[in-house]
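Peer 1: When you get a sec, could you give me coordinates for this:
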Amino acid sequence: MARRSASRRLLVLSAGAVIAGALWWRHNPSACPYSQRFWVEAPHPFISRERLRSVLGPLPAERILELGVGTGYYSLDLAEWVGGDGTVELCDLQPEMLDHVMKRAGERGTANLVPTQGDATALPYDDGSMDAVVLTAVLGEIPEREAAMEEVARVLRPGGRLIVGELFGDPHFQTPATVERLATDAGLLLEERSGPWFGSFTRLGKPV
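Peer 2: Residues are numbered from 1 along each chain as shown. The predicted model follows:
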């Protein structure tokens with residue numbers, strides 16, 4: 001009985017620690033560290049690669065920017081969708097994440113990925129230089145979300161699109177309403193939402 005009671009207490013304490021950590025992380029936005037990359041390597045229900053492709057509508061030879069790439073859950077597929085004449089710009093705060101993705105790309109023989117260490121609130125790209133921008137489970141990690149959204153709008157070409165993926169359970173989950181508000185304030189317009197509120201991709205466009 002004593003052993004069972006001790007195990008139960010340990011389980012409760014562990015669960016409490018996880019919840020406390022998640023709450024702290026939610027109120028202190030920051031990127032998932034490379035040492036905890038297993039979180040971003042887990043399956044992404046509802047915000048699948050197939051759904052991303054459907055909402056994004058990638059075209060051959062496009063230039064797409066992926067912000068907060070993690071370990072490349074979507075990156076190599078994005079590169080395949082735009083083809084050899086297209087380019088996928090990878091931007092992440094952590095060089096370890098970029099190195100990880102580029103190693104995987106090299107193993108697969110994918111050559112149209114361009115890694116850049118950078119901050120979402122000061123993107124190192126020219127105005128109107130991107131056909132599309134993709135942020136998946138990243139927006140809530142950025143302390144200055146409004147500034148990041150303005151930067152996204154700046155680098156998008158007129159008629160370009162932004163795809164924001166969000167999944168409930170992520171400590172930094174952003175509701176569809178929050179995503180739309182931030183994008184609208186930056187001058188982008190809602191075009192489509194795919195998936196339930198707890199796991200969806202939102203597509204927003206830059207007016208021509």
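Peer 1: residues making contact with stretch 163-171?
Peer 2: Residues outside stretch 163-171 that contact it (CB atoms under 8 Å, 6 or more residues apart in numbering) are 22-23, 25-26, 44-47, 52, 55-56, 132-137, 139-140, 173-176, 179, 183, 197-204. Every C-beta, even on glycine, is put in place using the N, C-alpha and C of the backbone.
Peer 1: So residue 177: helix, strand or coil?
Peer 2: Applying DSSP: H, G, I helix; E, B strand; the rest coil to residue 177 yields a three-state assignment of helix.
Peer 1: Sorry, slip of the keys, the one I care about is residue 66.
Peer 2: strand.
Peer 1: circling back to that earlier point, and the contacts of stretch 163-171, which are buried?
Peer 2: When those are checked for burial by 16 or more other CB atoms under 10 Å, the buried set is 25, 44, 46-47, 52, 55-56, 132-137, 139-140, 173-174, 176, 179, 183, 199-204.
Peer 1: Looking at the residues you listed, which are in helices?
Peer 2: Mapping the buried ones among the contacts of stretch 163-171 onto helices (DSSP state H) picks out 25, 52, 55, 56, 176, 179, 183.
Peer 1: Just the contacts of stretch 163-171: which are in strands?
Peer 2: Using DSSP state E, the members of those that fall in strands are 132, 133, 134, 135, 136, 199, 200, 201, 202, 203, 204.
Peer 1: Could you find the closest non-adjacent residue to the most centrally placed residue in the chain?
Peer 2: For the chain, residue 136 is the residue whose C-alpha lies nearest the centre (CA atoms, centre = their mean; 2.4 Å). Nearest non-adjacent residue to residue 136, counting by CB to CB, 6 or more residues apart in numbering: residue 165, 3.6 Å away.
Peer 1: if I look at that neighbour, how far off is residue 132?
Peer 2: Distance of residue 165 to residue 132, computed by CB to CB, to the nearest Å: 13 Å.
Peer 1: in the chain, what spans have low per-residue confidence?
Peer 2: Applying pLDDT under 70 to the chain picks out residues 1-30, 34-41.
Peer 1: Near the residue nearest to residue 129 when sequence neighbours are not counted, how many other residues are there?
Peer 2: Residue nearest to residue 129 in three dimensions, not counting chain neighbours: residue 155, with 5.7 Å by CB to CB, 6+ apart. The number of residues packed near residue 155 is 23, by other CB atoms under 10 Å.
Peer 1: so residue 155 makes contact with residue 65?
Peer 2: Yes. Using CB atoms under 8 Å, residue 155 makes contact with residue 65 at a distance of 6.6 Å.
Peer 1: Common neighbours of the two, please.
Peer 2: In contact with both residue 155 and residue 65: 123, 125, 130, 133, using CB under 8 Å, 6+ apart.
Peer 1: give me phi/psi at the third one?
Peer 2: Note on residue 130: backbone dihedrals following degrees, to the nearest 10 are phi -120, psi 140.
Peer 1: Tell me where this protein has strands.
Peer 2: 63-67, 87-92, 113-117, 130-136, 156-167, 189-194, 199-205.
Peer 1: Make TSV out of the ones you listed and add distance to residue 80.
Peer 2: Below are those laid out as TSV (distance: least, CB to CB, whole Å):
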stretch	distance to residue 80
strand 63-67	12
strand 87-92	9
strand 113-117	11
strand 130-136	14
strand 156-167	16
strand 189-194	20
strand 199-205	18
